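1. after the sequence you'll find the predicted model.
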Amino acid sequence: MSIDEKTKAAAWRQIRQYGDPVLKEESRRVAPGDEIRQLSERMIRIMYAADGVGLAAPQIGILQQLIVFRFGSEEPQVLLNPEITWMSEETETEPEGCLSLASLAVDVERALKIKVTGLDLEGSERELELEGLEARILQHEVDHLGGLMIHNRTTREQRKDLMGRLRQTRLPGD
């Protein structure tokens, strides 16, 4: 999918950035329907235009438990009311970026394997067993639904460094 600079800038203007109070709020459960389908389609367009691999509804100012994500070249996926039901004790610390932090990255420790349940757009139950990068993506997006961001899951030193870099960063199109 080729994205022009104007489309990319428009997408970035829709993504709430660090400091926006909505990013600290808990999201509400949702039921499948036309509004949720339209919202998920909008979120997928924004995710692609911003070169993201995942996006949670709070990141565009909507406090609903809806996430969209993609794994590599696979079709984008949608999950309503996702819940992590199991996490491995084995963890891995890797750099992780966030569209709500201007794509800046910090090291975040995450479970290496997880199980996630939720609903698809038709209301059918889904259970995903994920590991590695895929598990990291879902943990990151589910965190957003609970008002958490990567700076909440890193060291004090990294948080301080991240905030300094964030002050010097401009979003695409600014």
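-> Great, that's in hand.
2. use CA for all of it now, contacts and neighbours both
-> Will do.
3. got the CA positions of stretch 82-98 in PDB?
-> This file holds the C-alpha atoms of stretch 82-98, laid out as PDB (Å, rounded to 0.1, in the frame of the first residue of the first chain):
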ATOM      1  CA  PRO A  82      -9.600  -8.300  23.700                       C
ATOM      2  CA  GLU A  83      -8.400  -9.900  26.900                       C
ATOM      3  CA  ILE A  84      -5.000 -11.500  27.600                       C
ATOM      4  CA  THR A  85      -5.900 -14.800  29.300                       C
ATOM      5  CA  TRP A  86      -2.500 -16.300  29.700                       C
ATOM      6  CA  MET A  87       1.100 -15.000  29.600                       C
ATOM      7  CA  SER A  88       4.300 -17.100  29.600                       C
ATOM      8  CA  GLU A  89       6.700 -16.500  32.500                       C
ATOM      9  CA  GLU A  90       9.400 -16.200  29.900                       C
ATOM     10  CA  THR A  91       9.900 -12.600  28.800                       C
ATOM     11  CA  GLU A  92      11.900 -10.700  26.300                       C
ATOM     12  CA  THR A  93      13.000  -7.000  26.400                       C
ATOM     13  CA  GLU A  94      13.100  -5.400  23.000                       C
ATOM     14  CA  PRO A  95      12.800  -1.800  21.600                       C
ATOM     15  CA  GLU A  96       9.100  -0.900  21.100                       C
ATOM     16  CA  GLY A  97       7.700   2.100  19.500                       C
ATOM     17  CA  CYS A  98       4.300   3.700  19.700                       C
END
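4. count of residues packed around Asp20?
-> Counted with other Cα atoms under 10 Å, the neighbours of Asp20 add up to 12.
5. distance of Ser103 relative to Gly33?
-> 31 Å (Cα to Cα, to the nearest Å).
6. of these two, who's got more company?
-> Ser103 (16 against 11).
7. the more buried one belongs to a helix?
-> No - counting by DSSP: H, G, I helix; E, B strand; the rest coil, Ser103 falls outside a helix, being coil.
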